[in-house]
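Chemist: quick one, what's the 3D model for this:
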Amino acid sequence: MTQQTRETRETQEPTVPQPAAAAPGCPPAEPPGLAQGWCALSALHGRIESHIERALQTAHDLSVREFSVLNVLSEQHDGPGGHLRMHQVADSVVLSQSATTRLVTRLEERGLLSRYLCPDDRRGIYTNVTPDGLALLVDARPTHDGALREALKHAAQRPELAPLVTAVETLAPPGELQSGTDGG
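Modeler: Got it, this is the predicted structure:
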């Protein structure tokens, strides 16, 4: 870059990006506040999930998704509607059915889950948490919950994330999150 070009650039006013005009017939873009809110929510989710992932992997050789599947399946019961089919598990942990099947297969190979045919519909397959899976879940839950509290505490210090942390905390039963944030 020449000296003259550098001087010209340094003395020019910074340009402010102008919103692009919508093409005829196209709906206008969403207001920036909506996009910023979505970005903040996405950032909060990513921060929390990464923090919990590291804690679970380090302490229990377990991913966030594996923990979620064990947790969802541990809440099944023998009454009507008490067992989940694979598509219901996939919906619960927000994975595709194929990704859920692969995840369940890995957990089954580790002896943490077992599958069996649905007695009422031979096309359906149910999955249960094994005693080893339940034991791992019980051991991992304090790690998961502690990492969640810690991630929320750190996120609350960022002004753009603080309102979302407050919203998450208001969804929890009274006292659940506060027990780990006051002294931590």
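
Chemist: which residues touch stretch 57-73?
Modeler: 49, 52-53, 56, 84, 89, 92-93, 95, 100, 103-104, 106-107, 112-113, 127-129, 133-134, 136-137, 139-140, 143-144 (C-beta atoms under 8 Å, 6 or more residues apart in numbering). (Each C-beta comes from the backbone N, C-alpha and C, glycine too.)

Chemist: report the buried members of the residues you listed.
Modeler: Among these, those classed as buried by 16 or more other C-beta atoms under 10 Å are 49, 52-53, 56, 84, 89, 92-93, 95, 100, 103-104, 107, 112-113, 127, 129, 133, 136-137, 140, 143-144.

Chemist: tell me which helix or strand comes right after the longest helix along the chain.
Modeler: Looking across the chain with DSSP state H, the single longest helix is helix 32-60. Beyond helix 32-60 in the direction of the C-terminus, DSSP states H and E gives the next helix or strand as helix 64-74.

Chemist: buried stuff in that next one?
Modeler: Applying 16+ other C-beta under 10 Å to helix 64-74 flags 64-73 as buried.

Chemist: in TSV: those residues, plus distance to residue 167 and pLDDT.
Modeler: Shown next, in TSV, are those (distance: C-beta to C-beta, whole Å; pLDDT from 0 to 100):
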residue	distance to residue 167	pLDDT
64	20	97
65	24	96
66	27	97
67	23	98
68	21	97
69	26	97
70	27	97
71	22	97
72	23	96
73	28	96
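
Chemist: closest to residue 159 out of those?
Modeler: Taking C-beta to C-beta as the measure, residue 64 is the one of the buried residues of helix 64-74 closest to residue 159, at 26.2 Å.

Chemist: grab the nearest non-local neighbour of that closest one.
Modeler: Spatial nearest neighbour of residue 64, excluding adjacent residues (C-beta to C-beta, 6 or more residues apart in numbering): residue 53 at 4.8 Å.

Chemist: ends of stretch 79-96, what's the gap?
Modeler: 26 Å (C-alpha to C-alpha, to the nearest Å).

Chemist: what's the angle between the longest helix of the chain and helix 64-74?
Modeler: With axes from the mean of the first three to the mean of the last three C-alpha atoms, to 10 degrees defining the directions, helix 32-60 sits at 80 degrees from helix 64-74.
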